[in-house]
Each structure stands twice: as structure tokens, then as C-alpha cells.
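**Q** 3D model of this:
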Amino acid sequence: MRVLIVGSGAREHALAWKLSRAEGVEELYAAPGNPGMAALAHCVPIAADATVELAEFAASLHMDFTVVGPELPLCLGIADEFARRGLALLGPTRAAAEIEGSKVFAKDLCLRHGIPTAQAIVARNLDEAVAGARRFGLPVVLKADGLAAGKGVAVCRSRDQLDEALVRFFEERAFGTAGERVLVEECLEGSEVSFMVLTDGATILPLASARDYKRLGDGDAGPNTGGMGAVSPTSLPQGLGTAILKDIVYPTVSGLAQEGRVFQGVLYAGVMLTADGPKLLEYNCRLGDPETQVVIPRLDDDLLPLLQAAARGDLGSMRAGWRHEAVACVVLAAAGYPDSPRRGDVITGLGPALALGGTLVFQAGTAMDEGHLVTAGGRVLSVLGRGVSISDAAATAYQAVSQIHFAGMQYRRDIGKDVS
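**A** The predicted model follows:
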């Protein structure tokens with residue numbers, strides 16, 4: 001069987017690591033892939049957002065199955081392009097992917113189907129945003145409507161932070177067309193969890209629990225990022241997992257189906273556990289990054305049959321077994337991340353890190369330059385530790401981190417610890 005993975009990040013490297021071990025996978029391809037994935041798959045130089053070119057490439061090789069990692073090709077309609085050619089692919093259609101592609105659409109969906117979420121107003125200019133912030137008071141949240149690589153959210157707890165965010169969103173236009181509409185939301189307080197499920201549009205199969213660390217600095221300080229680390233499993237108070245499925249996930253999947261947007265793929269719900277119960281923060285139309293890096297190693301079964309069943313609408317009989325272990329991921333980021341990541345710094349120490357045992361390293365923003373592995377993006381590496389507990393797993397991950405070096409390397413030192 002020939003399998004194609006679309007994407008080039010650590011999430012896609014984790015998928016390649018798992019799928020390369022799947023029964024029946026004879027040839028694995030990645031577009032565009034990265035140096036780490038090149039050890040597992042044939043990397044082809046096609047950008048992840050080149051949806052037509054990717055579909056034509058898959059058709060030329062009679063690709064048996066395709067898995068899409070990042071959100072952009074899904075929101076651009078890669079599933080529709082593949083379907084037009086009769087090619088099997090796991091991922092929502094462009095219409096269904098709008099659940100991530102537009103936060104305004106997602107908010108309206110919640111209102112239409114009674115899904116608990118934060119109150120919000122839509123602002124199209126500075127005056128409307130100021131009025132919304134005045135309505136909700138501090139703290140308040142600003143969210144760019146469109147895709148912003150996980151960076152289009154500002155949690156403003158002071159007037160200075162709000163003023164800075166308003167300038168960034170409406171005067172500097174930092175998010176381009178993604179920021180033409182901005183959600184101004186009440187700030188939900190509580191503990192945040194990442195809740196991912198695999199669905200065929202009707203049946204829902206929950207994946208292992210995970211939690212990510214979005215902000216750049218220790219103690220949840222600094223700007224939002226695409227994610228600086230993750231752990232799995234997380235402990236939910238009794239009954240909360242059921243409540244999230246009942247009140248958020250099932251109404252979302254059924255609501256999309258009722259509106260002619262059947263969702264097949266991975267639905268990710270970022271949920272805040274508030275004093276009033278779980279409330280939706282945001283949807284993603286794909287596997288989370290870095291959550292995937294900690295969830296996939298815990299899967300005890302082959303991943304491919306699960307993905308294929310979801311893609312063909314036959315998930316009902318499938319089950320997933322999970323290892324009784326903990327996994328912690330520490331993301332190593334380039335100097336200047338998240339605003340202006342530096343490229344070209346030589347990376348050393350991956351061999352010693354992997355030799356420690358109980359570790360994995362998934363590459364993301366990397367490239368080869370004259371025989372040297374160098375930084376080539378914001379989030380460079382996901383360094384994983386495995387153990388019997390989160391604290392054990394995190395200790396192993398940090399031991400591996402201590403072996404790795406590149407100029408200006410940034411990472412959080414509190415992954416696996418409670419962050420208020």
C-alpha cells in the first residue's frame with residue numbers, strides 16, 4: 001500500500017513514525033516532509049498548500065491513502081480535490097473545515113446548536129472592538145477570524161495589553177486578511193484541555209487525552225504560540241469527559257451534518273473547564289500540534305485502519321487501545337520565535353538525546369545545509385520523554401533536551417507542571 005502524508009512539521013513526523021510501522025504500508029511518501037521524515041518516507045518537494053498539484057501527484061502514483069496534517073490545505077479544499085479524482089483521503093471537506101478556517105463561523109455554529117462557549121461580538125474595525133472590550137471588561141480575548149498559525153489570539157488582562165493588541169490587530173494588520181474580522185470574547189477562566197476525536201461524520205472515537213502549553217514562557221507567560229509542549233494523559237474530573245462529548249463534540253458533529261457539512265477526520269476541541277462546566281474555546285479541523293506528538297506514541301494499535309475507517313464512513317466497529325504510560329513533549333524553538341524566527345543555526349546533539357532511552361525526537365523547522373542539520377522555522381524540534389508518570393516522562397524529555405544545542409534555542413522549563 002502507498003500512503004502519502006501532507007505536511008512538514010513534528011506532527012507529520014510523528015504520523016510518519018507511526019505509519020511506517022503499520023502493517024501493509026509498503027511505500028510511504030511525505031509532501032514536502034522534513035529531514036527527519038526523510039529517514040522514513042520518500043519526501044517530494046510539493047508544498048502542503050498546493051492542493052491541485054498534490055492531488056495530481058497522488059493520482060499519478062495511484063496513492064492508496066492520504067493523511068493531511070496541517071489546517072491550511074484542508075481549509076483550501078484538498079479533500080474535495082482528492083474526492084474529484086476518486087482518491088482516498090482522511091480530512092474534512094472545505095465546507096466542514098470552515099469550523100477552523102473561520103472563528104466567526106464556529107461561534108455562530110455554537111449559537112445555532114446550543115454548544116456552550118464564551119460570549120462574543122464580531123468587530124470589523126477598531127471602534128467596534130473597543131465597544132466589545134468595554135462590554136465584557138478586563139480580562140478580554142481578541143481572536144482573528146481566519147487562520148493565523150495559532151498566533152491570532154490575544155488574552156488581554158490589563159489595559160496596556162488591550163491597547164497593544166488593538167494596535168496589532170487593527171492598525172498594524174498583523175494577521176492580514178485573517179484579521180479582517182475579529183472576535184472580541186469574554187475571557188473564560190479555568191483549566192484548559194485538548195479534546196481530540198476521530199469521526200466519520202456520525203460515529204465518534206475519542207483519542208487519548210492531552211494538554212498543550214500555548215504560551216512562550218514559563219508560568220504561561222509571554223505571547224501565544226503554535227504550542228511549546230504537551231503531555232498525555234491528563235486527568236479529567238469524573239464525568240467531565242462525558243460532558244464534553246455530550247455537550248460539545250456530539251452537537252458539533254451532528255450540527256455540521258445537519259447543515260450539509262459532514263465532517264470526516266479529526267475534530268479537535270479546545271475546552272475550558274469553567275466553574276459552570278466545560279465550554280468551547282476553539283475548534284481545529286485536524287490533529288493538534290504538539291498534542292499529536294504525545295498521543296500517537298501511546299496508541300497500542302495500528303493507526304492506519306482507524307484512519308481508513310473514518311475516511312470511508314465505517315468507524316462504528318473500530319476501537320483504539322492505549323498504552324498505560326505517560327508522554328511529555330518539550331518544543332525547542334528558534335531564536336526570535338514567534339515573531340521573527342532565525343534560520344540557519346546548526347543543530348547538534350540529536351544522537352546523544354536519542355541514545356538515552358525512552359526518548360523520541362520529531363523534527364519540524366529543520367533543513368539540511370552542507371551536511372549539517374540547521375534551523376529552518378519557528379518550532380524546530382519536539383523532544384519527547386516516556387515514563388510511568390507525567391513527572392517521569394518530563395524528566396526524561398528534559399534530560400534529552402540537555403543534549404541538544406543550537407544558537408538562541410528557546411524552550412519552556414515547566415512542561416508537565418501545573419500552570420495556573
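**Q** low-confidence ranges in this structure?
**A** When residues are selected by pLDDT under 70, those of the chain lie in 419-420.
**Q** now the helices for it?
**A** Under the criterion DSSP state H, helices of the chain are mapped to 10-19, 51-60, 71-76, 78-84, 94-101, 103-113, 126-136, 159-166, 240-244, 250-258, 291-295, 304-311, 350-354, 390-401.
**Q** so which of the ones you listed is nearest Asn224?
**A** Within the helices of the chain, the stretch nearest Asn224 is helix 159-166; the backing value is 10.8 Å (Cβ to Cβ). The C-beta positions use only the backbone N, C-alpha and C, and glycine is treated the same way.
**Q** could I get the buried residue list for that closest one?
**A** Buried positions in helix 159-166, judged by neighbour count with 16 or more other Cβ atoms under 10 Å: Gln161, Leu162, Ala165, Leu166.
**Q** so what's the second one closest to, chain neighbours aside?
**A** Of all residues not flanking Leu162 in the chain, Cys156 sits nearest, at 4.0 Å (Cβ to Cβ, 6 or more residues apart in numbering).
**Q** list the contacts for that neighbour?
**A** Cys156 makes contact with Ala133, Leu138, Pro139, Val140, Val141, Leu142, Leu162, Ala165, according to Cβ atoms under 8 Å, 6 or more residues apart in numbering.
**Q** mind doing that once more with 7 Å?
**A** Residues touching Cys156, when contacts are defined by Cβ atoms under 7 Å, 6 or more residues apart in numbering, comprise Leu138, Pro139, Val140, Leu142, Leu162, Ala165.
**Q** number of nearby residues for the nearest residue to the fourth one once chain neighbours are set aside?
**A** In space, and not counting its chain neighbours, Leu142 is closest to Ala154: 4.5 Å by Cβ to Cβ, 6+ apart. Ala154 is flanked by 21 other residues according to other Cβ atoms under 10 Å.
**Q** just checking, Ala154 touches Ala165?
**A** Yes: if you go by Cβ atoms under 7 Å, Ala154 and Ala165 touch, sitting 3.8 Å apart.
**Q** what's the overlap in contacts for the two?
**A** Here Ala154 and Ala165 have Leu142 as joint contacts, going by Cβ under 7 Å, 6+ apart.
**Q** next, Val147: phi, psi?
**A** Actually, residue 147 is Leu. It isn't Val. Leu147 has phi and psi values of phi -70, psi 130 when expressed as degrees, to the nearest 10.
**Q** what residue, apart from its backbone neighbours, is nearest it spatially?
**A** Using Cβ to Cβ, 6+ apart, the nearest residue to Leu147 is Ala178, at 5.7 Å.
**Q** could you pull up the residues touching the one you found?
**A** For Ala178, the contacting residues are Ala144, Asp145, Gly146, Leu147, Ala148, Gly152, by Cβ under 7 Å, 6+ apart.
**Q** again with Glu291
**A** When contacts are counted by Cβ under 7 Å, 6+ apart, Glu291 touches Ser194, Met196, Ala210, Asp212, Ala230.
**Q** how close does the last one sit to Thr292?
**A** For Ala230, the distance to Thr292 equals 9 Å [Cβ to Cβ, to the nearest Å].
**Q** with the second one instead?
**A** With distances defined as Cβ to Cβ, the gap from Met196 to Thr292 amounts to 8 Å.
**Q** the first one too?
**A** The span separating Ser194 from Thr292 equals 10 Å under the rule Cβ to Cβ.
**Q** where does Ala22 fall, phi/psi-wise?
**A** The phi/psi pair for Ala22 (degrees, to the nearest 10) is phi -80, psi 140.
**Q** what's next to stretch 190-203, contact-wise?
**A** The set of residues that contact stretch 190-203 without belonging to it, under Cβ under 7 Å, 6+ apart, is 204-207, 209-212, 234, 236, 244, 249, 253, 257, 262-264, 266-275, 281, 287-288, 291, 306, 309-310, 313-316.
**Q** how far away is the residue most central in space within the chain from His372?
**A** If you average the C-alpha coordinates of the chain and look for the closest C-alpha using Cα atoms, centre = their mean, you land on Gly288, 2.3 Å from that point. Here the criterion is Cβ to Cβ. By it, Gly288 lies 30 Å from His372.
**Q** swap in Val331?
**A** Counting by Cβ to Cβ, the separation of Val331 from His372 is 21 Å.
**Q** more neighbours: the two, which one.
**A** When Val331 and His372 are compared on other Cβ under 10 Å, the one with more neighbours turns out to be Val331, at 31 against 12.
**Q** which ones are touching that one?
**A** When contacts are counted by Cβ under 7 Å, 6+ apart, Val331 touches Gly227, Met228, Gly229, Pro290, Arg379, Ser382, Tyr411.
**Q** do that again at 10 Å, thanks
**A** 10, 212-213, 216, 225-230, 289-290, 293, 337, 362, 364, 378-383, 401, 410-412, 415 (Cβ atoms under 10 Å, 6 or more residues apart in numbering).
**Q** and the closest residue to it other than its chain neighbours, backbone torsions?
**A** Nearest residue to Val331, sequence neighbours excluded (Cβ to Cβ, 6+ apart): Met228, at 4.8 Å. The phi/psi pair for Met228 (degrees, to the nearest 10) reads phi -110, psi 0.
**Q** ok, Met228 touching Arg412?
**A** Yes: with contact defined as Cβ atoms under 10 Å, Met228 counts as touching Arg412 (4.8 Å).
**Q** any shared contact partners between these two?
**A** Tyr213, Arg215, Leu216, Gly217, Asp218, Asp220, Gly222, Val330, Val331, Leu332, Ala333.
**Q** can you list the domains in this protein?
**A** 2-91, 119-186, 189-311, 326-401 (automatic domain parsing).
**Q** which one of the ones you listed lies nearest to Arg112?
**A** Nearest to Arg112, of all the domains of the chain, is domain 189-311, at 6.7 Å by Cβ to Cβ.
**Q** and Ser235, how far from Val193?
**A** Taking Cβ to Cβ as the measure, Ser235 falls 10 Å from Val193.
**Q** residues that sit against both of those two, list them.
**A** Going by Cβ under 10 Å, 6+ apart, residues that sit against Ser235 and also against Val193 are Ser209, Arg211.
**Q** how many other residues sit next to Asp64?
**A** Asp64 has 18 neighbouring residues, counting by other Cβ under 10 Å.
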